[in-house]
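[1] The following block contains a protein sequence and its predicted model.
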Amino acid sequence: MTAQNLPSEPEFEQAYKELASTLENSTLFQKKPEYRKALQVVSVPERVLQFRVVWEDDAGNVQINRGFRVQFNSALGPYKGGLRFHPSVNLSILKFLGFEQIFKNALTGLNMGGGKGGSDFDPKGKSDNEIRRFCVSFMTELCKHIGQDTDVPAGDIGVTGREVGFMFGQYKKIRNQWEGVLTGKGGSWGGSLIRPEATGYGVVYYVDHMIKHASGGKESFVGKRVAVSGSGNVAQYAALKVIELGGSVVSLSDSQGALVLATEEGSFTAEEIEQIAAIKVERKQIAELASTAAFSSKFKYIPGARPWTNIVGRIDVALPSATQNEVSGEEAKALIAAGCKFIAEGSNMGSTQEAIDVFEAHREANQGGAAIWYAPGKAANAGGVAVSGLEMAQNSSRVSWTREEVDSRLKGIMEDCFNNGLATAKEYVPSAEGSLPSLVAGSNIAGFTKVAEAMKDHGDWW
Ligand code: NDP
């Protein structure tokens, strides 16, 4: 079948074009023209599984959802990537996420291939029993296709430790094996310390390197005003780490609206973030808290909006941490106009291509403002899957590392991710005099070449 006969997959095509255009615009294909063939091969998943998930709601009705697992690439290790439970889930979204995951996992330096899965099941408004019955039914089929040396899923949007627990239990019952088949497990049954925090912490560690590199070591998060979107796992821990490092968090959001500081002073406190985390466990909306006296006296709630154009005062750092395509070209311009110099994606493909083009066009400082550092999700949010890789290592050797040990390895991996992207950009991406290196191109090229070389060794292309 030719590419023209394939169904339209807008999110996957966007992710593919973003990667392919950075490779094309570098010197990579001039130096290694054979990599064009590798790109063609790597962009087709090794396997796509789609299955029926039938479960019973509390009223005894039959409910039906679609289940998916995209086993995209196993050159570097078992397929690895999260499961997303959200009504928007379709094959295009999971292929985009699986594709990005291949190169992200390569950047961690650990032996993990790329995959992604999930369902169009909506956990919002469901009882615990309904969620358990759904997870059991989902895993009854998925367990035939995964295993600690084959494919190791984790959480993503809508999949927390609770869902991982229900799925792990069902895998164990059917396969009669206690093994590290999922990551993000509970602490007493094989989970790694720092896994819940890892993606958010990792984004902040990555940005810390951007800030230090940009300022020659003179600046840090201290005094920085940081706009965060989302209020789930990634956003919560990113926000808490920013506060710990001396920065101010000036916004959070969810799918229904944005909550921003009402004045130019202050920050969300760790206690306020804990309160938001508590309502998110119950899958409630920020709007409920925003209307309380304590929150309405300090914050402004804007229904149906994202934070970027609603921040009061200066922005130094932006961390999109909710979902894909959550920063438009216009919002990218507004962030820069508000003073933002550092953008790093906690979410996967958080920026539209138009937004990336705006950020990349500002790598030169001489356009009437400061130069912009933009880090794609593939590099900046790799901390989550990196600690998942560390969880797999602990499970295989039946040991548990301390918080300090895992955190210190996470810091080292994020530093390597930053330095690798930077060095690769300098080697392959032509930049104007005085322009910053392109972290997006550097990270794409570094991840891609590692996977392409392994695939060549395996005879996947020649
Ligand atoms: P959660 O489900 O914990 O939180 C998601 C947050 O994003 C919630 O605040 C949710 O709002 C909001 N959101 C979801 N969909 C939309 C939408 N269509 N429009 C606006 N807001 C939306 O997920 P995570 O924090 O785990 O994931 C967030 C992002 O980070 C995703 O892009 C994910 O792929 C990426 N990521 C996650 C990793 C992880 O380890 N968890 C690892 C690497 C990347 P509401 O509460 O109203 O639903």
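    Happy to help now that I have it.
[2] what's the residue nearest to Glu18 when sequence neighbours are not counted in contact with, if anything?
    Sequence neighbours aside, Gln353 is the residue nearest to Glu18 in space, at 6.1 Å (criterion: C-beta to C-beta, 6 or more residues apart in numbering). Any C-beta I mention is one placed from the backbone N, CA and C, and that applies to glycine too. With contacts defined as C-beta atoms under 8 Å, 6 or more residues apart in numbering, Gln353 is in contact with Gln14, Lys17, Glu18.
[3] top of these by neighbour count?
    Neighbour counts for these, by other C-beta atoms under 10 Å, peak at Glu18, which reaches 21 neighbours.
[4] Name the surrounding residues that touch stretch 424-440.
    Residues lying outside stretch 424-440 but in contact with it, judged by C-beta under 8 Å, 6+ apart, are 18, 22, 25-28, 31, 210, 214, 356, 360, 363-366, 371-376, 379, 418, 421-422, 441-443, 445-446.
[5] what about Gly67, how many residues close to it?
    Gly67 is flanked by 24 other residues according to other C-beta under 10 Å.
[6] Can you pull the residues of this protein lying near the ligand?
    Along the chain, the residues adjacent to the ligand under the rule C-beta under 6 Å from any ligand atom are 155-158, 199, 230-235, 254-256, 280, 285, 321-323, 346-348, 381, 384.
[7] Any of the residues you listed buried? List them.
    By neighbour count, with 16 or more other C-beta atoms under 10 Å, the residues of the chain next to the ligand hold 155-158, 199, 230-235, 254, 280, 285, 321-323, 346-348, 381, 384 as buried.
[8] In helices, which of the residues you listed appear?
    With helices taken from DSSP state H, the overlap with these comprises Thr199, Asn233, Val234, Ala235, Lys280, Gly384.
[9] which two in these are spaced the farthest apart?
    Maximum pairwise distance among these (C-beta to C-beta): 17.1 Å, between Lys280 and Gly384.
[10] ok so, going back, filter the contacts of stretch 424-440 down to just the buried residues.
    Among these, those scoring as buried are 18, 22, 26, 28, 210, 214, 356, 360, 363, 372-376, 379, 418, 421-422, 441-443, 445-446 (criterion: 16+ other C-beta under 10 Å).
[11] Can you flag which of those belong to helices?
    Assignment to helices by DSSP H places the following of those there: 18, 22, 28, 210, 214, 356, 360, 379, 418, 421-422, 441-443, 445-446.
[12] burial measure for the spatially closest residue to Leu422 that is not a sequence neighbour, as a count.
    What sits nearest to Leu422 in space, not counting adjacent residues and going by C-beta to C-beta, 6+ apart, is Pro437, at 5.5 Å. Taking other C-beta under 10 Å as the criterion, the count of residues near Pro437 is 20.
[13] Find the nearest non-adjacent residue to the closest residue to the ligand within the chain, please.
    Of all residues in the chain, the one sitting closest to the ligand is Gly232 (1.8 Å; C-beta to the nearest ligand atom). Nearest residue to Gly232, sequence neighbours excluded (C-beta to C-beta, 6+ apart): Lys280, at 6.2 Å.
[14] separation between the one you found and Val164?
    Note on Lys280: its distance to Val164, by C-beta to C-beta, to the nearest Å, is 16 Å.
[15] Check Ala106 too.
    Here the criterion is C-beta to C-beta. By it, Ala106 lies 24 Å from Val164.
[16] Isn't Trp178 up against Lys172?
    Yes - with contact defined as C-beta atoms under 8 Å, Trp178 and Lys172 form a contacting pair (5.7 Å).
[17] out of the two, which sits in the more crowded spot?
    More neighbours sit around Lys172 than around the other of Trp178 and Lys172, counting by other C-beta under 10 Å; the figures are 16 against 12.
[18] Could you pull up phi and psi at that one?
    Dihedral angles phi and psi of Lys172 (degrees, to the nearest 10) take the values phi -60, psi -40.
[19] Model confidence score at it, please.
    The per-residue pLDDT reported for Lys172 equals 98.
[20] show me what contacts it?
    By C-beta under 8 Å, 6+ apart, the neighbours of Lys172 are Trp178.
[21] try Arg409
    Taking C-beta under 8 Å, 6+ apart, we find Arg409 in contact with Ala386, Val387, Leu390, Trp401.
[22] Give me the pLDDT for it.
    Arg409 carries a pLDDT score of 98 in this model.
[23] tell me the SS of it?
    Local secondary structure at Arg409 is given as helix here, using DSSP: H, G, I helix; E, B strand; the rest coil.
[24] From Tyr205, how far off is it?
    Separation of Arg409 from Tyr205 (C-beta to C-beta): 11 Å.
[25] what does Asn5 give?
    Between Asn5 and Tyr205 the distance is 44 Å, computed by C-beta to C-beta.
[26] of the two, who's got more company?
    A side-by-side neighbour count of Asn5 and Tyr205, using other C-beta under 10 Å, places Tyr205 first with 23 against 6.
[27] Distance from the strand or helix carrying that one to the middle of the chain?
    In the assignment (DSSP states H and E), Tyr205 maps to helix 195-214. When C-alpha coordinates are averaged (C-alpha atoms, centre = their mean, to the nearest Å), helix 195-214 and its chain have centres 13 Å apart.
[28] average model confidence for it?
    For helix 195-214, the per-residue pLDDT averages 97.
[29] neighbour-wise, which of Ala106 and Val164 wins?
    Neighbour comparison, Ala106 and Val164: the larger count goes to Ala106, with 30 against 23 (by other C-beta under 10 Å).
[30] all strands of this protein, in order?
    47-56, 62-73, 79-85, 114-119, 151-154, 225-228, 248-254, 257-261, 299-303, 317-319, 342-344, 373-375 (DSSP state E).
[31] Which strands or helices does the fifth one pack on?
    Under the contact criterion of 3 or more C-beta pairs under 8 Å, 6 or more residues apart in numbering; DSSP states H and E, strand 151-154 touches strand 62-73, strand 79-85, strand 114-119, helix 383-396.
[32] Now that strand: buried residues?
    Neighbour counts over strand 151-154 (16+ other C-beta under 10 Å) mark Asp151, Val152, Pro153, Ala154 as buried.
[33] now the residues you listed in a markdown table, with pLDDT and distance to Val48?
    What follows is the buried residues of strand 151-154, written out as a markdown table (pLDDT from 0 to 100; distance: C-beta to C-beta, whole Å):
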| residue | pLDDT | distance to Val48 |
| --- | --- | --- |
| Asp151 | 98 | 12 |
| Val152 | 98 | 18 |
| Pro153 | 98 | 15 |
| Ala154 | 98 | 19 |
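[34] can those residues go into a markdown table with extra columns for distance to Asp128?
    Shown next, in a markdown table, are the buried residues of strand 151-154 (distance: C-beta to C-beta, whole Å):
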| residue | distance to Asp128 |
| --- | --- |
| Asp151 | 27 |
| Val152 | 25 |
| Pro153 | 21 |
| Ala154 | 21 |
